[in-house]
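In: I would like the atomic coordinates for the input below:
(chains A, B and C)
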Amino acid sequence: MPRVLLIEDDPSVREGVELGLRRRGHEVRAAATGEAGLAALAEFRPDLLLLDLMLPGMNGVQVCRQVREHSQLPIIMLTARGDDFDVVIGLEAGADDYIVKPARPEVIEARIRAVLRRLDDSGPGRPAIEVYGELTIDRAGLTVTKAGRPLTLAPSELKLLLHLAAAPEQVFSRQQLLEHVWEHSFTADARLVDACVARLRGKIEDEVGSPRYVQTLRGFGYRFGPL
Amino acid sequence: MIRARTRRHAAAVAVAAAVPLLGGCGIRGTDVIEAGGPASIQAFVNPDYDMLLFFRSPDGGLNPVVRTTVPSDAVFGTEYLVSGEVEDSGVTEGPVPTEKVVRSLLAGPREKDRAAGLSTSLPAVRAGGTVAVERSSGGRVTARLPLALKGLDSTALRQLTCTIAYSQGGDGKAVVELTGQDGATRSDTCGLDLGNTGNVPTETEPRARPTPSGTTG
Amino acid sequence: MTSGEQRSRVRVFGLRARLLLAFLVVAAISAGTTAALTYREARSALLQTAQDTAVTSFRDRVQQTGFSLPLPREDLEGVLRDIARMGKPHPWVVFAEYGSIRASSGENPVSTVITPELRRAARANPHGSFERVVKDGVPYLTIAMPTVFKAGPDSVLPSGIVLYAVMRMTDEQLNVDALLMAGRDGALPGLAVALIPGLIAARSVLRPVRKLRQAALSMGSGRLDTRIPVRGSDELADLARTFNESTGQLERSVRELREAEERARRFASDVSHELRTPLAGMLAVTEVLDEDADGLDADTARAVRLISAETGKLAVLVEDLMEISRFDARAAELNADEVDVAEAIRKTLQNRHWTDDRVRVELPDGIRARLDPRRFDVVIANLVGNALRHGGAPVTVSLHTEHLGAEAHSPGTAVLITEVADSGPGIQPAVLPHIFDRFYKADAARTRSAGSGLGLAITLENVKLHGGTIRAGNLPGGGAVFTVEIPLHTEEADG
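Out: Now for the predicted structure:
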């Protein structure tokens, strides 16, 4: 069972979520502040970070950025408001997914599983290492290098890139991507995709303004290439 | 409704005001308007040797005619110097004798007078008839005439009265008593004169047409 | 129609027209009166002068003339010609009557202008007299002048000669005409000049009125801070001041109302927010309660399950309240994507597990539209859920497109029409107008249903956010039907 680090300032939510997840077999460590959470990170070594955005002192967005600087730890943010502003800020800071409070433990667990799930390796005939221009994608090792330099991609970014690259030049609608990459329902917030694409482009594209690898087809969605 | 009525009122007032103001543009006719006295003309009457005879004008009134007895001095009246016309007494000082004047009147209008439409109402009288004039006190003049007074119309009587009155000099206001051959007498004044005050009337009240004021017994 | 006619009629007799008319009437009356009075006075003075001059000079001329008595016709004519040469102020024709002699300085010995009245007056009275005669439109002055002569020092006798002068008053006519013209020419420009103060007055009255109208229009369009500049201290300034005071009060009232509404809305939003945090903790442990309830004694288990169930409902209610608050605050955004509508509806039903025969679908493939998938999902889910709860199975969801106002070659406005019909008793007519109201309970006896009471209100807001409309009605055969019409915007995707 995955180890979950929960950073949440409200005691009842912290306790409730901790209790709910533990009952489902997760090993949960709860922290009340961002600082405490970051301190526990090295020692607890969680598989996933469940992060409340509204924290006293160091807030969730700052924690998120700090984690992302050197880690590919999957991050799911908890947002009390579900307001558009919070969601966008959190996603841009590097969160892989978000959950709007209040949420039942089964929902939270479903999201955790979705984020942690590895993509199916597509087809047996596919080579382990694919090269697209300067990009080299190792599906087995789950690493991406650009011009020989390894890139640090968040789990959602890596999954998105692998999904798009698996079918070059095929257009995927945002709904399709939400369903396949995030395992969200068809009706989830499509800006999850947009935020993730923006982050991914920042890491793999030479010019974010005119992307080569992840291209936009306005009104339809995204595709990989053509190069 | 009220507004319409007041507007109609205003229009009526405006029209009522405008009609007398704007009406009668231009020059309109008038009635006869009296304006001052008559014109006083120069007739060159010299009481010393001119005599005034009164003849009948076509409208029935009396018109004075000036006849002079002095042929050489007269500016007018050279036509009058017909032989025999100048009376016997010849040139005398003072007013022309009334008897002579009356004889001239009885002789009737001359051609010149008739040309102006003047005539006489007096009957023709024989040349030999005598006229006796006598002045009495009180400005009364008594004249004995060589004709019968009965049967004479008022114009004829006035001719005689006025001629005798003015031949007496003065202002012709003398009361004249006429006595005919038939013994009848008439007494009257001339009444033609306008100069009661001795001046030309300029602002006198309208006068009635001069008519004989009546006859007496 | 009638109000338009009335309006235009009012415009014809508008304030400006009435003011101008009044000014013109006053100016016309005063100018006309002045002109007419002046004209009359001037005319009579003019004629008086001319007449007096003529009579006096005629008398003078006659008096300077010598006459002999009796007067021969030839002499008379000579005398008349002499007098005629000295006509004043205008040339005159001189006539004379003496006895039976009729003579004149002109061609005709007898004048046709001199009236018998004048003749009679001259004969009757030894006075000069005149008469103004208009003959064939030409005014004449006729003067009669009887003559007298001095028979002695104190004696004045009428000579029997009556002289007449006939003078055309053409010049006087011209002068009078000129006067008339001058009056008219003075009055007309006067009227024109009177228009200027009239226009100024009308303007000074109408400008505030127009400003008032503009201000009222501006207020009507929602700009409650509209004020009119108050100028002067007349009645219109009073009006403007009153208007400003009233608008100020109105603005205050409206602001207070808005603030109260804003406070109420924020309060609802804040309450929802505040409820979320404890609910988040409670909802996280409902599972624990449900699982362990079996091990408790019967009463405790019932209580625990009740708490668990109601917590879930409370969570839904708070979520709906939050959603409504976002709509009220206009914070709701449309994140539109091009979607296959039939597929979207199918997935909505699938996610809610409405896949059995309770819900039938008539969904033609290939209809694509730009929709916010999450909001469209809410719309369909709420309508179907509502139909299942309050109507009756089976519920039919059908989809088609229509071209409203379509012509042969122009597509018109394409709309996506989604209908959700149930097989229940239908909606009571009294309920229909309120069906989309918040927390509206169609059945007063039923205190609370499974829904939050906000489902249809949220549905309405979501449809409106798409620029569409929703209406509720009853099918002829019974059963309620909700029809959603959303404009199709597929052109962007085509390009």
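In: from the centroid of chain A, which residue is nearest?
Out: A:D96 (1.9 Å; C-alpha atoms, centre = their mean).
In: what's the closest non-adjacent residue to that residue?
Out: A:S156 (3.8 Å; C-beta to C-beta, 6 or more residues apart in numbering or on different chains). Backbone N, C-alpha and C define where each C-beta goes, glycine included.
In: what sits against the one you found?
Out: A:P74, A:D96, A:D97, A:V115, A:V181, A:W182, A:C196 (C-beta atoms under 8 Å, 6 or more residues apart in numbering or on different chains).
In: that one and C:E338, how far apart?
Out: 23 Å (C-beta to C-beta, to the nearest Å).
In: closest to chain B out of the contacts of A:S156?
Out: Nearest to chain B among the contacts of A:S156 is A:C196, at 78.3 Å by C-beta to the nearest C-beta.
In: A:L161 is in contact with the closest one, correct?
Out: No. Counting by C-beta atoms under 8 Å, no contact exists between A:C196 and A:L161, whose distance comes to 9.6 Å.
In: what is the helix or strand of chain A with the lowest mean pLDDT packed up against?
Out: Between all helices and strands in chain A, the lowest mean by mean pLDDT, DSSP states H and E belongs to helix A:84-93, at a mean of 78. With contacts taken as 3 or more C-beta pairs under 8 Å, 6 or more residues apart in numbering or on different chains; DSSP states H and E, helix A:84-93 sits against helix A:60-70, strand A:75-79, strand A:97-100, helix A:191-204.
In: now the residue in the stretch 351-495 of chain C that chain B sits nearest to, what's its secondary structure?
Out: Chain B sits closest to C:P433 of the stretch 351-495 of chain C, with a gap of 45.1 Å, by C-beta to the nearest C-beta. Put simply, C:P433 is helix when judged by DSSP: H, G, I helix; E, B strand; the rest coil.
In: with adjacent residues omitted, what lies nearest to A:D10?
Out: C:T277 (5.3 Å).
In: contacts only, for that neighbour.
Out: Applying C-beta under 8 Å, 6+ apart, the residues near C:T277 are A:D10, A:S12, A:V13, A:A80, A:K101.
In: and for B:S104?
Out: Residues in contact with B:S104 (C-beta under 8 Å, 6+ apart) are B:M51, B:L53, B:R67.
In: what about it, which helix or strand?
Out: Counting by DSSP states H and E, the element that carries B:S104 is helix B:98-106.
In: quick one: name whatever helix or strand follows that helix.
Out: Counting by DSSP H and E, what follows helix B:98-106 is helix B:111-115.
In: and that next one, which residues are buried?
Out: B:K112, B:D113, B:R114, B:A115 (16 or more other C-beta atoms under 10 Å in any protein chain shown).
In: what is it packed up against?
Out: Against helix B:111-115 (3+ C-beta pairs under 8 Å, 6+ apart) you get no helix or strand.
In: convert the C-alpha atoms of the helix or strand where C:D377 lies to PDB, please.
Out: C:D377 belongs to helix C:373-390 when assigned by DSSP H and E. The C-alpha trace of helix C:373-390 is given here as PDB (Å, rounded to 0.1, in the frame of the first residue of the first chain):
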ATOM      1  CA  PRO C 373     -18.500  19.000 -20.500                       C
ATOM      2  CA  ARG C 374     -18.600  19.300 -16.800                       C
ATOM      3  CA  ARG C 375     -21.600  21.700 -16.800                       C
ATOM      4  CA  PHE C 376     -23.400  19.800 -19.500                       C
ATOM      5  CA  ASP C 377     -23.000  16.700 -17.400                       C
ATOM      6  CA  VAL C 378     -24.600  18.600 -14.500                       C
ATOM      7  CA  VAL C 379     -27.500  19.700 -16.700                       C
ATOM      8  CA  ILE C 380     -28.200  16.200 -18.000                       C
ATOM      9  CA  ALA C 381     -27.700  14.500 -14.600                       C
ATOM     10  CA  ASN C 382     -29.900  17.000 -12.800                       C
ATOM     11  CA  LEU C 383     -32.700  16.700 -15.400                       C
ATOM     12  CA  VAL C 384     -32.600  12.900 -15.500                       C
ATOM     13  CA  GLY C 385     -32.300  12.600 -11.700                       C
ATOM     14  CA  ASN C 386     -35.200  15.000 -11.200                       C
ATOM     15  CA  ALA C 387     -37.300  13.100 -13.700                       C
ATOM     16  CA  LEU C 388     -36.500   9.800 -12.000                       C
ATOM     17  CA  ARG C 389     -37.300  11.200  -8.500                       C
ATOM     18  CA  HIS C 390     -40.400  13.300  -9.200                       C
END
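In: show me what it is packed up against.
Out: strand C:337-340, helix C:341-351, strand C:395-404, strand C:413-421, helix C:455-465, strand C:480-487.
In: so for that helix, mean pLDDT?
Out: In this model, helix C:373-390 has an average pLDDT of 90.
In: and that helix, how far out from the chain middle?
Out: 49 Å (C-alpha atoms, centre = their mean, to the nearest Å).
In: any idea of the angle it forms with strand C:413-421?
Out: Angle of helix C:373-390 versus strand C:413-421, following axes from the mean of the first three to the mean of the last three C-alpha atoms, to 10 degrees, is 30 degrees.
In: okay, buried residues for helix C:373-390 please.
Out: C:373-388, C:390.
In: low-confidence stretches in chain A?
Out: Low-confidence segments of chain A, defined by pLDDT under 70: A:81-86, A:119-127, A:186-187.
In: quick one, helices of it?
Out: Here chain A has its helices, by DSSP state H, at A:11-23, A:34-44, A:60-70, A:84-93, A:105-116, A:155-166, A:174-181, A:191-204.
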